[in-house]
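Student: any chance you can model this:
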Amino acid sequence: MTAAQQQVLPISSSRSSTRLPLNMVQQESRLNRERFVVFLQILLRRLEVSQAFHLKLQAKVLVMQCTRNNKMGDATPLVTSLELHLRQLVGEVHWRYAIHATHRYFRQKQQQQQLQQQRFPFHLKTTQVIGL
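Tutor: Here you go, the predicted model:
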């Protein structure tokens, strides 16, 4: 196979080359869902703290509706649908607050992990008993 032919072949033609990217895409997708769940929790907490109880209740109902629609086969990804509808419901002030709070949360989490890594640079999965 010539170099020109190799450039034209789609990436999916090689099994070994698609496994790693597929796993990375799946992992990235899982991380995005986890981040959105944290964002959603922060947003709902923000609505509660700001005493916008009616918005919190409407947001919970909206989450249930979007989840149900997604399970019924709605083509729009769940996170995309939730972002669109929730942002319209709660408004920019609450939305932006939740975004900033989510960034702060993950920044602090990353700093804690780095500090933990500095304290314990290696991770023992099992303990080994020598000489028994």
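Student: chain neighbours aside, what residue packs nearest to Gln58?
Tutor: The spatially closest residue to Gln58, leaving aside those adjacent along the chain, is Leu89, at 5.9 Å (C-beta to C-beta, 6 or more residues apart in numbering). C-betas here are computed from N, CA, C, even on glycine.
Student: count of residues packed around that neighbour?
Tutor: 15 (other C-beta atoms under 10 Å).
Student: how about Gln112?
Tutor: When neighbours are defined as other C-beta under 10 Å, Gln112 has 10 of them.
Student: check the chain for its longest helix and report it.
Tutor: helix 15-49 (DSSP state H).
Student: packing partners for that helix?
Tutor: Judged by 3 or more C-beta pairs under 8 Å, 6 or more residues apart in numbering; DSSP states H and E, helix 15-49 is in contact with helix 53-71, helix 78-90, helix 92-119.
Student: dump those to TSV, plus mean pLDDT and distance to Val38.
Tutor: Shown next, in TSV, are these (pLDDT from 0 to 100; distance: least, C-beta to C-beta, whole Å):
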stretch	mean pLDDT	distance to Val38
helix 53-71	95	14
helix 78-90	94	12
helix 92-119	92	6
